[in-house]
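Participant: here is a sequence with its predicted model. Questions after.
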Amino acid sequence: MVYRYRIFLLTIVIIAIAPLCASAGMKGFGKVSPEEWGLGAPAEYPEANAVVIHDLCSLTVRLSGIETVRWERIKLLSKAGAEEVGDAGFEYYEGDKIKDLEAQTITPDGKVYKLSNKDYFTKSVGHYKVRTFAFPNLDSGCIVEFQYRTLRDIHEFDPWYFQSEIYTLKSTLTLVVGPGFVYSSSWTNVPPTGRTAKPGEIANMDNPRLPLKTYTWEMKNLMPVTDEPYMAARSDYYSGIFCQLMSYEDQYQKVIFVRNWQDLGKEFQEYVDRYARGGGTGDLAAQITAGISDAMEKARAIYAWVTKEIKTEQGHGLYFNNENLSELRKTGVGLGQEKNVLLVKLLNEAGIQAWPVLIGTRDFRKFNPDIFQLSQFNYIISFVQFDSSVLYLDASSQYCPYGMLTPDCLVDAGFLVDGKNSQLVRILRPEVRTYRLDVTHMQIDSNGAVSCSTLSNLSGYFAPEYGSSAEESAENDFVKEYYLNKLGVPFTLDTADVILDSAGKCLVMARYTLPDYTRLLDSVVTIRPVSFRYRSTPFTKQRRSVPVDFNYPFTYHNIVTIASDRPLTSAVMPPDTTFQIDGATYRRVSQFADGTVTIDSRLIVTVPTFSPLVYPGVRRLFEFIAQSQGEAAALVRQ
Amino acid sequence: MKRSVVGWWLTVACVAGIVGLGSVLSRAEEISATATIDSMVWDCRVDGNRAVTRIYEKVMVMKPAGAGFASVGIWSSPLISLNSFNARMLDASGKVVFKYGKGDLLKICGFGEGFEVYTDECLNSLDFAYPKYPYTIETSWEEEFKSLYLLGSVDLDREIPVRTAMVRLSFPVNQHIRYRQYQLPGEPEILEKGGERVVTWRFADLPPVKDIAYTPPESKNGRHIALAAEEFALEKFSFAGLTWKNVGLFQRKLGEDPDSLSGPAATAPASAVEARRIADSLYRDVIDNTRYVAASVGIGGWQPHRLAYIKQRLYGDCKDLTALLVSKLRTNGITAYPCLLLTNDQGATDTSFVNFWFNHVITMAMIGNDTVWYDPTCTHCPPGQMRSDDDGVVAVVATDTGGVLARVPLSEPQSSRIVRRIEVTADSAGRLSLKVHAAASGHFATSLRGSIEHKDKKELDQYMSDWLIGSRAQLKVTNYSLANIDDITKPVQIDYTVACSQPMDMINRTRYFLPFFLTSRNVYGEVETEKRETDIWLGFKWELCDTIIVRGSLLNSAGQVTTPQDTVFSYPWARVAANYAATDSVITAALTVTYTADVVPVAALGDFKSFVGRRRWLVDQPIKFMPK
């Protein structure tokens, strides 16, 4: 079995995510109807620069494989639309054969400009391919379209997404299957009313007496989905259908295309076993756990060893960068999933029950248990079972405290790999307090420059979230990127340090100077307390079509003290204030005592997800926070 | 247009978008402690029209942040083959812990710059990581250049220290390869043996380069050795004799197109005014009806497509669109030429060293006794205005008789202006509401038009809000309207209504109002002046004019209003003037900052620091409303 690249490394501009579905032959481009020429921007999306008139895909299933036919037609509503859709393309796998690719531009005067063979190009990243081309003669009012056929010799479909980054008037998937084929399908973000296929029949060229059955799903008037802050993988928000072939049976044979999860688990187990063979893990486990008798303590020691002694690298999207565990130990560098396989093996060697668990990380794809495809996964975590408790672990970061998962692994479900006993499992997330406390002391000197020291205490999911970034960069760079650059003013960084404390918290310490941070109004100095998060609102758009997903509840607590080398005699401080919505509260309290100003602000988010319906409230809250953080204290010095 | 550079610095460049005045603070001291290049060797042997280069590097990585400096990224293409690649990793004791071959390289093909739908180049990359520091990466590979046209430059500018470096160039004595070193000490050793000339440069302890913001184009190329062949062939096109004249003739040869020569000679326009009108109109026709898109295949990176092809598709890269515009101008009796240049974000052309180091092509038209320049890739540039990264650069004009050096005109400050009229209403409690009329011209208008053209309404709202108020969280744009977006000959006009959530500061019953609160306080404040060794490059000349008019009941309720003193100061690169006027019902404050030069010489760094401080002080001066 070949495990394909799961992560496409490059960002490419494509008209839509290419399907690898199948159908009943190319019919050529049809005429453009007067209605299509007359199309304007949809009433619900008047700013559209282009609209997908239709994106039609059909899948024709044969014993030899799957044939896809796709035809997409787009209308440009403005000149800007030419830039949005002018360079087009679609992805496919290395083994797919692309046939009959045609693309053309039709200008409003009816002239047709077809692309020639030399206008199509192929880009590649490893096993992934992108067929790309540029539409000629573009201007507002043009219609562009392309169609192609692909032949795939394996019986595996990719998802068909009805939606894309462009407003779509109509998107259709047709499945064409002959007698004897059994398929199943499931949906994401498709209302129940849209899940019923329209059945039909077409002639079967191979056997005229047995027509082919067609099943068609269609969706209309779909808003574009674009990237927003605080969201999971964009494709999780598209309306989509996931088809899979189950089996084929005729009088002579029965072919099973989709195996159940147990079969897939057995297959993946063999893949993992091949990787995990050898590596001296028995000796290593004994060495790490020497003198420890308690199973949970052994597990803790092994986890600490794997997180610290094996360096985590970013991979090419494959499960394993090293050939096997021996090589992983030799190089000392591996992907997070390789470290988790090593963790499982060491735990097993130490007599602790543990298994690898496949998941699709938050930024990859949401797991759908109805689709029996391992391609839904891109990562491996570890499941550990003790006599009276269980744990999920991800050894990718030493800043991820034992017993927790890294934030990107906080998903609903996964697939525990245990040979023929493999099973789908719910991913449990421990209740941890995710808390960030920034304590900063600001000292104003006689010239108005400010010397600052900040201690940032990151716990819960903040520890691995920030810690993994700190591991990948120099401490100074990390502090600049995640702290000082946020201030938007000139600074001089004197010292920076990032450490992991014994309680599993990530501590960030920095000393720095802000030379031009204060303003002098006669004898009064005005100064804004420093803060490093939400100085501007991340929610800038008026409306939002996808939920705000913070992933976990959290508290951001910022305490700033301000003093001066010339004693402060009085201060006008930012007013005490509170802003609350369901699931989140912001509060700020200020005081002046003993010549020092203290400003204590706290954002508490108790609900990780906010639906688009309550988005206006979320937006107002974060606008309020940004405004509040812009408020200055006015200080009178002796 | 492709830039031809060999060896360590093999990049493909073509202009895409407007270059901003971004700043990068020096990181040299921090970075240099993370990794070191112990040894680098660039060994090139020229044979006929080909050159085979062997490259060796030994990098010691001392900290995690240094790992990236050991990574390799090697470009290959049908014209540059990667013949071999080997690497090995050594631990701190010098033991080889891993070996790599060509098959370990990740090959990414086809992806070029943003405007390229396709390029036939591949990036062959490999990252190395090891958990224990220090470790060493040794890499060696061999590249073959299938035309000496591709000889360009050997780059020795590194962010980490280089202990030893050797550059060796070998070529037959009867062949002429020119070279020139920049910002590098010493002279090369030249030996002749067996009919071959061997030129060797040796360097020791090259310090890490500082990535300094606002570096002038002339200094951007850093330490390098430029190369150029006296003779070469590029497929069927041959070149001999390194002169700018011949460079221009070669470009003409590459761009020869039967379509452009057919038909009777056109009659010249009756007057220069008429010629300019026609030329502007043709330029508008090209930018309005074409797209800036490139598909670079083979020598297509340097050779324009045939006119028939461009006209049929109405898209192309810089040389295609220039070929189209030149053809249209000539058809209308206007003399015009393509011009090769290196955009100022990439460096500057050394006029005393002839080579083919260019990354862009624009158009020059002869109108009357003057020249008019057009960049047909710049959709938002009005006729005669260049992109900011074309501004003032040296170009090789490919005339009928050969290449001629000429300088693209440097725009004047009055042609790139931001003018704002800010009407502030202040009530007796110090609460503010604002109406702002802003106009952006020249490079600012071009940048603004380019930035907003692909935005949907939500993105546009955000962008226009940021354009005016930036991160001033107390302000909120409640409404705005845009005018003249499509008329590129006029400034972009924006009218804003702005709400302010905070009243003016009040201290001891006196209210303080900073009239220039919408003016960036710290322009050029991040420019390093302490250890700087290069001039400060401001990009282009420009002007800001802010006029603030304050009205409202606050003026009636205040006992006394004090405005700052009028202030004027000037430096060789800028003039600043602030004027204030107050009556019972209206206060006016006006600030004009004119950047009259695009370069501040290194000798004036102290003055520049003083200028930045004085300007900031001026912006910080409040108007005071004292109680009755």
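Facilitator: Arrived safely.
Participant: only C-alpha atoms for contact and neighbour calcs from this point on.
Facilitator: Noted.
Participant: how is chain A carved up into domains?
Facilitator: Domains of chain A are assigned by automatic domain parsing as A:44-256, A:261-426, A:435-637.
Participant: how about the last one and chain B, any contact?
Facilitator: Yes - Domain A:435-637 lies in contact with chain B when judged by C-alpha under 8 Å from any C-alpha of the partner chain; the contacting residues are A:471-474, A:476, A:490, A:519-521, A:524, A:535-536, A:540-542, A:572, A:623, A:626-631, A:634.
Participant: then the second one?
Facilitator: Yes - between domain A:261-426 and chain B, judged by C-alpha under 8 Å from any C-alpha, the touching residues are A:Glu309, A:Ile310, A:Lys311, A:Glu313, A:Lys330, A:Thr331, A:Gly332, A:Val333.
Participant: can you get me the start-to-end distance on that domain?
Facilitator: 15 Å (C-alpha to C-alpha, to the nearest Å).
Participant: average model confidence for that domain?
Facilitator: Average pLDDT, domain A:261-426: 92.
Participant: and if you look at stretch A:31-43?
Facilitator: The model assigns stretch A:31-43 a mean pLDDT of 94.
Participant: okay if I get the domains of chain A as TSV plus mean neighbour count?
Facilitator: Shown next, in TSV, are the domains of chain A (neighbours: other C-alpha atoms under 10 Å in any protein chain shown):
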stretch	mean neighbour count
domain A:44-256	19
domain A:261-426	20
domain A:435-637	19
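Participant: who in the stretch 51-200 of chain B is up against chain A?
Facilitator: B:63-65, B:97-98, B:106-111, B:117-118, B:129-131.
Participant: at 6 Å instead, please
Facilitator: Residues of the stretch 51-200 of chain B that fall close to chain A, judged by C-alpha under 6 Å from any C-alpha of the partner chain: B:Ala65, B:Ile108, B:Cys109, B:Gly110, B:Tyr130, B:Pro131.
Participant: pick out the residue of the stretch 251-400 of chain B closest to chain A.
Facilitator: Residue nearest to chain A within the stretch 251-400 of chain B (C-alpha to the nearest C-alpha): B:Arg313, separated by 4.3 Å.
Participant: in its sheet, what does the worst-scoring helix or strand of chain A on mean pLDDT sit against?
Facilitator: In chain A, the helix or strand scored least confidently by mean pLDDT, DSSP states H and E is strand A:519-521, which has a mean of 84. Using DSSP bridges, the strands paired with strand A:519-521 are strand A:524-527 (antiparallel).
Participant: any idea how far the partner strand is from the chain center?
Facilitator: Mean C-alpha position of strand A:524-527 versus that of the full chain (C-alpha atoms, centre = their mean, to the nearest Å) differs by 43 Å.
Participant: ok, stretch B:439-456 next?
Facilitator: With C-alpha atoms, centre = their mean, you get 17 Å for stretch B:439-456.
Participant: what does that stretch rub up against?
Facilitator: A:Glu47, A:Ala80, B:His380, B:Cys381, B:Ser415, B:Ser416, B:Arg417, B:Ile418, B:Val419, B:Pro491, B:Val492, B:Gln493 (C-alpha atoms under 6 Å, 6 or more residues apart in numbering or on different chains).
Participant: wait, is the fourth one part of a helix?
Facilitator: No - assessed with DSSP: H, G, I helix; E, B strand; the rest coil, B:Cys381 is coil; it does not lie in a helix.
Participant: now it, nearest residue through space, not along the chain?
Facilitator: Nearest non-adjacent residue to B:Cys381, counting by C-alpha to C-alpha, 6 or more residues apart in numbering or on different chains: B:Thr446, 5.8 Å away.
Participant: sec struct for the one you found, please.
Facilitator: From three-state DSSP, the assignment for B:Thr446 is helix.
Participant: returning to that earlier point: let's have the domains of chain A in a markdown table, adding distance to B:Lys455.
Facilitator: Below are those laid out as a markdown table (distance: least, C-alpha to C-alpha, whole Å):
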| stretch | distance to B:Lys455 |
| --- | --- |
| domain A:44-256 | 9 |
| domain A:261-426 | 25 |
| domain A:435-637 | 12 |
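Participant: A:Ser164 - that's part of a helix, no?
Facilitator: No - assessed by three-state DSSP, A:Ser164 does not belong to a helix; its assignment is coil.
Participant: chain center to the least confident helix or strand of chain A: distance?
Facilitator: Per C-alpha atoms, centre = their mean, the centroid offset for strand A:519-521 relative to its chain is 45 Å.
Participant: again with stretch B:365-376
Facilitator: 23 Å.
Participant: give me the distance between the two termini of it.
Facilitator: 12 Å.
Participant: same question for stretch B:75-93.
Facilitator: Note: stretch B:75-93 ends 32 Å apart using C-alpha to C-alpha.
Participant: quick one: mean pLDDT for that stretch?
Facilitator: 95.
Participant: does the residue lying closest to A:Asp576 once chain neighbours are set aside sit in a helix or strand, and which one?
Facilitator: Using C-alpha to C-alpha, 6+ apart and skipping the chain neighbours, the partner closest in space to A:Asp576 is A:Val589 (4.6 Å). Element membership for A:Val589 (DSSP states H and E) is strand A:584-593.
Participant: can you list the strands that that strand pairs with?
Facilitator: In the sheet, strand A:584-593 lines up with strand A:577-581 (antiparallel), strand A:596-605 (antiparallel) (DSSP bridges).
Participant: contacts for the next helix or strand after the last one next, please.
Facilitator: Taking DSSP H and E as the definition, the helix or strand that follows strand A:596-605 towards the C-terminus is strand A:609-610. Counting by C-alpha under 6 Å, 6+ apart, the neighbours of strand A:609-610 from elsewhere in the structure are A:Pro547, A:Val548, A:Asp549.
Participant: again, only this time at 10 Å
Facilitator: A:230-231, A:546-553, A:582-584, A:617-618 (C-alpha atoms under 10 Å, 6 or more residues apart in numbering or on different chains).
Participant: with those residues in mind, which one is nearest to chain B?
Facilitator: A:Val546 (14.7 Å).
Participant: spatially nearest residue to the closest one (excluding sequence neighbours)?
Facilitator: A:Pro612 (5.8 Å).
Participant: what's near enough to touch that neighbour?
Facilitator: Counting by C-alpha under 10 Å, 6+ apart, A:Pro612 has contacts A:Arg543, A:Arg544, A:Ser545, A:Val546, A:Pro547, A:Val548, A:Val618.
Participant: go on, A:Asp594?
Facilitator: Taking C-alpha under 10 Å, 6+ apart as the test, what A:Asp594 contacts is A:Ala563, A:Pro567, A:Leu568, A:Thr569.
Participant: okay, and for chain B, where does confidence drop off?
Facilitator: B:1-32, B:261-265 (pLDDT under 70).
Participant: sorry, back to before: isn't the residue of the stretch 251-400 of chain B closest to chain A up against A:Phe135?
Facilitator: Yes - using C-alpha atoms under 10 Å, B:Arg313 is in contact with A:Phe135, at 7.8 Å.
Participant: give me the common contacts of these two.
Facilitator: A:Thr105, A:Tyr113, A:Lys114, A:Leu115, B:Arg291.
Participant: what bridges to the third one?
Facilitator: Okay, so that is A:Lys114. A:Gln104.
Participant: any chance you could map the strands in the stretch 401-550 of chain A?
Facilitator: In the stretch 401-550 of chain A, the strands defined using DSSP state E, counting those that start in this stretch lie at A:413-416, A:423-426, A:435-444, A:450-459, A:492-500, A:506-514, A:519-521, A:524-527, A:548-549.
Participant: can you tell me which of those strands has the worst average pLDDT?
Facilitator: Looking at the strands of the stretch 401-550 of chain A, the bottom one is strand A:519-521 with a mean of 84.
Participant: mind listing the helices for chain B?
Facilitator: B:28-32, B:217-220, B:244-254, B:258-261, B:272-289, B:307-313, B:318-331, B:442-452, B:457-469, B:553-557, B:605-619 (DSSP state H).
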